[in-house]
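Trainee: A structural model of the following input is requested.
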Amino acid sequence: MTMIFAWWNQICLVGGEPEMVARSHEDDFPSSIQKLPILTKAKTNFTTSADVDRQVSEALSQGQSLYDLDVTQLKDLKPSIIDLCNVCSIDLVSVQRVAMTMNPVPDIVTLNPTSVTEVMESITTVGTAIGRAKEAAMIRSQLEGRIQRCRNVAMQAKKETPDYRPKRVMFFEWTDPIYPGGHWTPEMIEIAGGVHPINGPATPSRRVTSDAVLSVDPEVLIICPCGLDLPATRKEYDILMTKDWFRTLANRASTIVLVDGNQMFNRSGPRLVECTEWLVMLLHNRPEFEPAGFPWERIK
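Mentor: Residues are numbered from 1 along each chain as shown. Prediction:
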């Protein structure tokens, strides 16, 4: 039996869903896993981006975890494997501490991807851990083929346009304070034929100033706050539009879009391939690359 804290996409992708016995509060895709018990809970309550940042900062300054873990239920389920992502889930030490008190002690598979390549490698790692290496290899090959197709569009555009210049993109992973896209997101933008000047590939998201954002003069603004659905993202966009610096940015930009950051971009799973395809659609006006049902809306 497998209990998962962040790699539900990979496990389901390689056919391991029947072996899953629990999930974290963030695990909601595919919808069929939502029947599983939830073992974690965020200690923060979303109101606005600025308020969540305050809550997180206070918790971290006091040495507190950002999540609660249902230890009793975890022990009752007796999973043989716990899959854990260091990027976006409960901290490893907390899980290890509980696991060492269990009998038998479960194996812990922990990953820390920072790039598209490492996300693809995680499929192999997870598939091997649950005894589905062959299925993982097949799925990984298919996904990498789709990524290469995205690269080909960008390379073709550069080849066919003598004065080709990649569009400058500003990806908002958080809006107040401002955190630009990090880890795999800048790389995905580059694969699709754009450039993310304010933060490079395989670099964690970091807090930046509004002046820094204005200085790169982005043509494309993607508002995709981590963990927020489209209705919440619209509210954050409305708050941004009350700020002089952002209105200046918006007036200069040729494209402004909102994306569901709970489903897309901010989780290190195979749907990042869909996000890369969506970027190809957005940056090159190639509607055939837009994934069916992709949760976004165009503002400008």
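
Trainee: is Leu69 bridged to anything, and to what?
Mentor: Thr40 (DSSP bridges).

Trainee: wait, doesn't it sit right on Ala42?
Mentor: No. The pair Leu69 / Ala42 is not scored as a contact, 11.4 Å apart, by C-beta atoms under 8 Å. The C-beta positions use only the backbone N, C-alpha and C, and glycine is treated the same way.

Trainee: from what I can see Asn262 touches Gly227, true?
Mentor: Yes. Under the criterion of C-beta under 8 Å, Asn262 makes contact with Gly227 at 5.4 Å.

Trainee: between the two, point out the one with more neighbours.
Mentor: Ranked by neighbour count (other C-beta atoms under 10 Å), Asn262 and Gly227 place Asn262 first, with 21 against 18.

Trainee: tell me the SS of that one?
Mentor: coil (DSSP: H, G, I helix; E, B strand; the rest coil).

Trainee: and what of the one 10 residues further on?
Mentor: In three-state terms, and counting by three-state DSSP, Leu272 is helix.

Trainee: so what's Trp8 scoring on pLDDT?
Mentor: Here the pLDDT value assigned to Trp8 is 55.

Trainee: domain map for the protein?
Mentor: The chain is divided into the following domains under automatic domain parsing: 2-112, 161-298.

Trainee: so for the chain, the centremost residue is which one?
Mentor: The centroid of the chain falls nearest to Asn266 when counting by C-alpha atoms, centre = their mean (1.6 Å).

Trainee: return the most buried member of the domains of the chain.
Mentor: domain 161-298 (a mean of 18; mean count of other C-beta atoms under 10 Å).

Trainee: need the contact list for the closest residue to Leu228 other than its chain neighbours.
Mentor: Closest residue to Leu228 apart from its sequence neighbours, by C-beta to C-beta, 6 or more residues apart in numbering: Gly261 at 5.0 Å. Contacts here follow C-beta atoms under 8 Å, 6 or more residues apart in numbering; on that basis Gly261 touches 173, 224-229, 233.
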